[in-house]
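Engineer: No letters, just coordinates:
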C-alpha cells in the first residue's frame with residue numbers, strides 16, 4: 001500500500017513538473033533551474049495519511065499543478081527580458097539526509113540556480129556542499145539561516161521576526177489565557193521556533209504561564225488526545241510542526257476528541273493552497289483555528305501584477321493558489337538581479353553571472369524581494385479568512 005501511494009504521487013509530479021523541461025527552446029541566455037522544493041518533497045508520505053484523508057490527495061495534486069504554474073509564469077515573464085528558463089525537478093525521500101543524495105545529480109545536470117529546499121532543516125544541510133551556485137528558498141525561516149554562506153538566501157524574514165508578530169497578536173487578543181505549546185520533536189525548525197516564541201512572549205507578557213510539550217507526530221491518529229491536551233483545553237494551543245496538512249489533521253483529531261470544548265489553536269505553518277478571502281465571514285466552527293502567514297496577492301505590487309499577467313497568458317484564468325506566486329517571485333528575484341546587475345565579464349557562465357548579480361543585489365538591498373507583509377488567518381467552513389493585517393517587516 002505504501003508503494004502504491006508513493007507511486008501515485010511520484011507519477012503525478014513527473015507528469016506535472018518534467019513535461020516541459022524547456023518550454024521555449026535553447027538560447028545562449030538560458031538559466032537552468034534545479035527545483036528542490038516541489039510539493040512531492042513537502043507533504044506526508046505515510047499511506048495511512050492518504051487513506052484517511054482521501055480528499056487531501058486531490059488537493060495535493062492541485063497544489064502541484066499550482067506550483068508548476070508558478071514556474072511557468074516565471075519562464076513567461078523572463079522571456080520578456082530575452083532570458084530562457086529550463087527547469088528540472090529533483091525528487092528525494094523524507095529521511096533527514098535524503099536531500100544530500102541529489103547534489104551530485106544537480107551538479108551533473110549543470111544547474112545555474114537552485115530553488116529550495118523550502119524546509120529550513122534541509123536548506124541548512126546544503127551549506128557545505130554547494131559553494132558556488134545561488135541557492136534560493138521560497139519560505140525557509142529558521143533563525144540559523146543567518147549563519148549560511150552568502151550564496152544561500154530565503155524570501156522570508158526569519159523566525160525571530162515572525163514569532164514577534166505572532167506573540168504580539170496572541171497577547172493582544174488572548175491576554176487573559178495561558179499558552180500551551182506542542183512541538184514536533186524531530187523538526188529542528190519547530191523546536192527553534194517554539195523556543196523563540198517563548199523568549200519573545202516572556203518579554204511582553206512575563207506573567208503568562210507557558211507550558212511546552214514535545215512529541216512525535218508521525219501517526220496522528222495514535223496520539224492520546226486526553227493525555228496530551230486534557231489539562232490544557234482552556235488555553236491557547238500553539239502547534240509547531242513541519243506541514244500545514246498535518247496541522248489541520250492534528251487539530252481535527254483534538255476537536256473530535258473534545259466535541260464540547262471551544263478549543264483555540266494557532267500555527268505558524270504557511271498554507272500554499274487557495275488565496276484567503278478578505279471578506280468578513282463569521283466563525284462558523286465550534287473551535288477557533290488561526291495561523292500567521294504572508295500576504296501575497298496584492299494588486300498594488302507591480303511584481304504581483306506582472307505575475308498575474310503571465311499566469312493568465314498561460315492558464316487563461318486568474319491565479320488562486322498562493323504557491324504559484326511565491327514560486328514565481330523566488331525565480332524572478334534571480335531574473336531581476338540578472339537584469340539590473342549584469343556582470344561586466346560577459347564570458348562567464350550563466351551560473352557565475354547569476355551568483356554575481358544576486359550578491360550585488362543583496363549588497364544594494366539586504367532584503368531583496370523578501371515578503372514584507374504578514375497577516376492572521378482564521379479557518380472557516382468556506383476556507384481561510386484574512387482577519388488582520390500585521391505591521392510590515394523591514
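Structural biologist: Thanks, I have it. On a predicted model such as this, the values are computed, not experimentally measured, just so you know.
Engineer: In the sheet, which residues pair with the spatially closest residue to residue 185 that is not a sequence neighbour? Tell me.
Structural biologist: In space, and not counting its chain neighbours, residue 185 is closest to residue 214: 4.0 Å by CB to CB, 6 or more residues apart in numbering. Where you see a C-beta, it was placed from the backbone N, CA and C, and this is true even at glycine. Beta bridges link residue 214 to residue 183, judged by DSSP bridges.
Engineer: my guess is residue 214 contacts residue 183, does it?
Structural biologist: Yes. Contact criterion CB atoms under 8 Å: residue 214 and residue 183 qualify, at 4.7 Å.
Engineer: Give the residues shared as contacts by those two.
Structural biologist: By CB atoms under 8 Å, 6 or more residues apart in numbering, residue 214 and residue 183 have these common neighbours: residue 191.
Engineer: More neighbours: which of these two?
Structural biologist: residue 183 (22 against 15; other CB atoms under 10 Å).
Engineer: Could I get the buried residue list for the one helix or strand residue 160 maps to?
Structural biologist: Residue 160 belongs to helix 159-173 when assigned by DSSP states H and E. Across helix 159-173, burial judged by 16 or more other CB atoms under 10 Å covers 159-171.
Engineer: And the contacts of it?
Structural biologist: With CB under 8 Å, 6+ apart, helix 159-173 has contacts from 141-143, 156, 179, 189, 192-193, 196-197, 200-201, 204-205, 208, 236, 238, 266, 268, 292, 374, 376, 388, 390-391, 393.
Engineer: if you set the cut-off to 7 Å instead, what comes out?
Structural biologist: 141-143, 192-193, 196-197, 200-201, 204-205, 236, 266, 268, 292, 374, 376, 390, 393 (CB atoms under 7 Å, 6 or more residues apart in numbering).
Engineer: Mind listing the residues bridging to the nearest residue in space to residue 182 that is not next to it in sequence?
Structural biologist: Counting by CB to CB, 6+ apart, residue 182 lies nearest to residue 239, which is 4.9 Å off, once chain neighbours are set aside. Bridge pairing for residue 239 (DSSP bridges) gives the partners residue 182, residue 267.
Engineer: got any ranges where the stretch 201-350 of the chain has weak pLDDT?
Structural biologist: 272-284 (pLDDT under 70).
Engineer: all helices of it, in order?
Structural biologist: Listed in chain order, the helices of the stretch 201-350 of the chain (DSSP state H, counting those that start in this stretch) span 225-229, 244-257, 302-315, 322-340, 350-364.
Engineer: residue ranges with poor pLDDT in the stretch 51-200 of the chain?
Structural biologist: The model of the stretch 51-200 of the chain has pLDDT under 70 over residues 51-60.
Engineer: how about the helices in it?
Structural biologist: For the stretch 51-200 of the chain, applying DSSP H, counting those that start in this stretch gives helices covering 54-79, 103-109, 120-125, 159-173, 188-204.
Engineer: Residue 90 is nearest to which of those helices?
Structural biologist: Each of the helices of the stretch 51-200 of the chain has some distance to residue 90 by CB to CB; the shortest is helix 103-109, at 6.1 Å.
Engineer: nearest to residue 105, of the helices of the stretch 201-350 of the chain?
Structural biologist: Comparing those by CB to CB, helix 350-364 comes nearest, at 15.8 Å.
Engineer: circling back to that earlier point, what about the helix holding residue 160, distance to the chain center?
Structural biologist: Relative to its parent chain, helix 159-173 has a centroid offset of 19 Å by CA atoms, centre = their mean, to the nearest Å.
Engineer: can you list the domains in the chain?
Structural biologist: Domain assignment for the chain by automatic domain parsing gives 2-157+299-364, 159-296+373-389.
Engineer: chain center to the shortest one, what's the gap?
Structural biologist: Read that as domain 159-296+373-389. 16 Å.
Engineer: Tell me which residue lies nearest the centroid of the chain.
Structural biologist: Closest residue to the average C-alpha location of the chain: residue 139 at 4.4 Å, with CA atoms, centre = their mean.
Engineer: got the contact list for that one?
Structural biologist: Counting by CB under 7 Å, 6+ apart, residue 139 has contacts 118, 154-156, 270, 326.
Engineer: Can I get those residues in TSV including neighbour count?
Structural biologist: Listed next are those as TSV, based on neighbours: other CB atoms under 10 Å:
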residue	neighbour count
118	28
154	23
155	21
156	23
270	22
326	22
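Engineer: Inside strands: which ones of those?
Structural biologist: Those of those mapping onto strands are residue 154, per DSSP state E.
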